[in-house]
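Enquirer: What follows is a protein structure lacking sequence information:
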């Protein structure tokens, strides 16, 4: 296993110790797997909490900070956080204006965030949950009923985070989060498998000349396995799948060309060139592009493309300052 | 070859088309392989030009922008840029206050930047060159006489870029660039080989359970090949090598824990936790940490650690605003 780790059981807590050391403005508890903004709770501000299995960094812990999340709950690698983590994070960021839970659509996550929401209500904390289910590749999957939540989580966390930072009420923050999810679609392609440290062997086998179209961010099966194509063909497959589900012609869009963790930045820019051309050729206008490894799957090679149909208000919120370890601009 | 590319010959120009599409504030010429700040030349500002072979992204093209480079020259993958590129970039950023060329110490780079500097002087542009040679792993290497230039290039470009942005003269900008290089050391470890697209096969063979200590960023040989160790052992090997060359006890330091391209962020934070502990245990104080894939080697797995002994003035320049595709804060 070619990994830069100590023991498989310590990967998440070791990484959180690193996060704590590198970003002293965050309150990181490696033992409980929670990461909280240093200035939380802020009186009168809606708190944003997200989380999920680890292995997708910078999502979610790297998106805690001004203008984005107030807290993240970090499960073991590819494993849902437990309700205790979620309730601890919820209480840590509750400033009296309620807490929004942003949940990627995986069965374990949905169940554990739901349990935590009920516990929070017992503590008289107003909680609303928003589900992210943007991945058009498959209906139902290894860990999911319905569609999987993937790259659009970044759009949801950034935009809802900006509105919460402005002091909006819980209803409004939840509404914009749902709006972003409804306007977003994603599709991923794997050029390699991925090895969960605790397992020690690849999650699936992929021949040297094969790729998996529609891969999930935990290595869940996609739509089909085919010969590796060119970047242009891979991007065409992803955007064609997205466009079939949510027509893009005539839209202004945010686009994320997202490296899956093992694909270098030079290749992500090759893919972005193809995506920009595809979109221009299909009548869509990119208003805000983003290229980089933001929603990863450990060392998987490949990319995911996420598209969100923008509105002027969503662009305004996208452009608002953000200062987190993983996303930063405007301050 | 599991790569997200079109044709091997088009990787660099395709990636530059992607960079252009994603970052319209830059003037990117995919044909000539140059990337220039949109507001260049700035009258009275020293121009900073760097470059080298591609495959190390975001270095150098991703560091063009406010507070860092004025232009980058992008050679083919792992291949020096040619003098024509360098002179074109130099002329594009010359605002009358002279141009600083930041050159990583590889024989081809040194020769071509030197030729370009002579051509620039024929055009009555004042040019000074600074060599970066921070890698302590080996003296002389596949492409190098002396030490290789690696991770400290980021420190040099950030800090010299900040001073140039303030309007300092060429001599002063060159002096701080040399000072940063002299105060910096790096050491890299590969957990996998790397495949140059045009070659199509791995540059070197590494058994599944082996790592190479002291690797170069083009896959050049390091010091020794050993069994893969834990993150703590790998970081200890790197920092022990650096400390033997430049004692760190009692110093305040910048630290970069740099992913090599194929190692995910969660592992880079595991390594940073080990680095922070090692440094604290050896009497060094980290004043500015940085964790991420900044000076990469295509899809190589592994990490490089770079350390720069700080001064209050270097910290001030490090903290100055920077706004580039690859590094951004403070504005």
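Expert: Structure's in. What do you need? Small disclaimer: the values here were computed from a predicted structure and weren't measured.
Enquirer: Off-centre distance for stretch A:15-35?
Expert: Relative to the mean C-alpha coordinate of its chain, stretch A:15-35 is positioned 19 Å out (C-alpha atoms, centre = their mean, to the nearest Å).
Enquirer: what is the mean pLDDT for it?
Expert: Along stretch A:15-35, the predicted confidence averages to a pLDDT of 97.
Enquirer: Next, the distance between the ends of that stretch.
Expert: Its start and end residues considered, stretch A:15-35 measures 12 Å (C-alpha to C-alpha, to the nearest Å).
Enquirer: Just the element for the one residue sitting closest to the centre of chain A, please.
Expert: Centroid-nearest residue in chain A, with C-alpha atoms, centre = their mean: residue A:153, separated by 3.9 Å. Mapping residue A:153 onto the secondary structure by DSSP states H and E places it in helix A:152-165.
Enquirer: May I see the buried residues of that helix?
Expert: A:152-165 (16 or more other C-beta atoms under 10 Å in any protein chain shown). Every residue, glycine included, has its C-beta placed from N, CA and C.
Enquirer: now swap in stretch A:30-41 and tell me
Expert: A:30, A:32-37, A:40-41.
Enquirer: So which residues on the stretch 151-300 of chain A come close to chain B?
Expert: For the stretch 151-300 of chain A, the residues in contact with chain B (C-beta under 8 Å from any C-beta of the partner chain) are A:191-192, A:208, A:211, A:228, A:230-232, A:234, A:257, A:261-274, A:276, A:286, A:289-291, A:293, A:296, A:298-299.
Enquirer: does residue A:193 really touch residue A:219, like I thought?
Expert: Yes: proximity of residue A:193 to residue A:219 meets the contact threshold set by C-beta atoms under 8 Å, at 6.3 Å.
Enquirer: more neighbours, these two?
Expert: Neighbours were tallied for residue A:193 and for residue A:219 using other C-beta atoms under 10 Å in any protein chain shown; the higher tally belongs to residue A:219 (23 against 20).
Enquirer: what's the following helix or strand after the helix holding residue A:153?
Expert: Next element after helix A:152-165 (DSSP H and E): helix A:170-182.
Enquirer: helices or strands up against that following helix?
Expert: Contacting helix A:170-182 under the criterion 3 or more C-beta pairs under 8 Å, 6 or more residues apart in numbering or on different chains; DSSP states H and E are the following elements: strand A:99-104, strand A:127-132, helix A:152-165, helix A:312-319.
Enquirer: Mind doing that once more with 6 Å?
Expert: Secondary structure elements in contact with helix A:170-182, counted by 3 or more C-beta pairs under 6 Å, 6 or more residues apart in numbering or on different chains; DSSP states H and E, are strand A:127-132, helix A:152-165.
Enquirer: Present the buried residues of helix A:152-165 as TSV; the columns should include pLDDT.
Expert: What follows is those, written out as TSV (pLDDT from 0 to 100):
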residue	pLDDT
A:152	98
A:153	98
A:154	98
A:155	98
A:156	99
A:157	98
A:158	98
A:159	98
A:160	99
A:161	98
A:162	98
A:163	98
A:164	98
A:165	98
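Enquirer: ok, which pair from those residues is furthest apart?
Expert: A:152 and A:165 (19.7 Å; C-beta to C-beta).
Enquirer: in the stretch 201-331 of chain A, which spans are strands?
Expert: A:210-213, A:224-227, A:252-259, A:285-292, A:302-309, A:322-323, A:328-329 (DSSP state E, counting those that start in this stretch).
Enquirer: Of those, which is nearest residue A:246?
Expert: Nearest of the strands of the stretch 201-331 of chain A to residue A:246, taken as C-beta to C-beta: strand A:302-309 at 7.1 Å.
Enquirer: List the neighbouring strands of that closest one plus their orientation.
Expert: Next to strand A:302-309 in the sheet, as set by DSSP bridges, lie strand A:184-190 (antiparallel), strand A:252-259 (antiparallel).
Enquirer: Now render the ones you listed as TSV, adding mean neighbour count.
Expert: Converted to TSV, those look like this (neighbours: other C-beta atoms under 10 Å in any protein chain shown):
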stretch	mean neighbour count
strand A:184-190	30
strand A:252-259	25
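Enquirer: for those strands, which one sits closest to residue B:201?
Expert: Closest to residue B:201 of those, according to C-beta to C-beta: strand A:184-190, at 21.8 Å.
Enquirer: among the residues of the stretch 151-300 of chain A next to chain B, which ones are buried?
Expert: With neighbours counted using 16+ other C-beta under 10 Å, those contain these buried positions: A:191-192, A:211, A:228, A:230-232, A:234, A:257, A:261-274, A:276, A:286, A:289-291, A:293, A:296, A:298-299.
Enquirer: Would you map out the domains in chain A?
Expert: According to the domain assignment given by automatic domain parsing, chain A is divided into the following structural domains: A:10-167, A:184-310.
Enquirer: now the end-to-end length of the last one.
Expert: Start to finish, the residues bounding domain A:184-310 are 9 Å apart (C-alpha to C-alpha).
Enquirer: Same check on stretch A:129-145?
Expert: Stretch A:129-145 has an end-to-end distance of 17 Å (criterion: C-alpha to C-alpha).
Enquirer: same check, this time on stretch A:77-95
Expert: With C-alpha to C-alpha applied, stretch A:77-95 spans 30 Å between its terminal residues.
Enquirer: ok, it near chain B or not?
Expert: No: with C-beta under 6 Å from any C-beta of the partner chain as the measure, stretch A:77-95 is seen stopping short of chain B, the closest distance being 7.9 Å.
Enquirer: starting at the chain centroid, how far to that stretch?
Expert: Worked out by C-alpha atoms, centre = their mean, stretch A:77-95 lies 16 Å from the chain centre.
Enquirer: Which residues outside it are in contact with it?
Expert: For stretch A:77-95, the external contacting residues (C-beta atoms under 6 Å, 6 or more residues apart in numbering or on different chains) are A:32-34, A:36, A:40-45, A:47, A:49, A:51, A:53-55, A:70-71, A:73, A:75, A:99, A:108-109, A:112-113, A:115-116, A:119-120, A:125, A:196, A:218.
Enquirer: And the buried ones among the residues you listed, selectable in ChimeraX?
Expert: Once 16+ other C-beta under 10 Å is used to decide burial, the buried members of these can be selected in ChimeraX as follows:
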select /A:32,33,34,36,40,41,42,45,47,49,51,53,54,55,70,71,73,75,99,108,109,112,113,116,119,120,125,196,218
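Enquirer: In helices, which of the contacts of stretch A:77-95 fall?
Expert: Assignment to helices by DSSP state H places the following of the contacts of stretch A:77-95 there: A:108-109, A:112-113, A:115-116, A:119-120.
Enquirer: Tell me the one among the residues you listed nearest to residue B:24.
Expert: For those, the minimum distance to residue B:24 (C-beta to C-beta) is 37.2 Å, reached by residue A:109.
Enquirer: Quick check: beta-bridge partners of the closest residue to residue A:151 other than its chain neighbours?
Expert: The shortest distance from residue A:151 to any non-neighbouring residue, by C-beta to C-beta, 6 or more residues apart in numbering or on different chains, is to residue A:306 (3.3 Å). Taking DSSP bridges, one obtains residue A:186, residue A:256 as the residues bridged to residue A:306.
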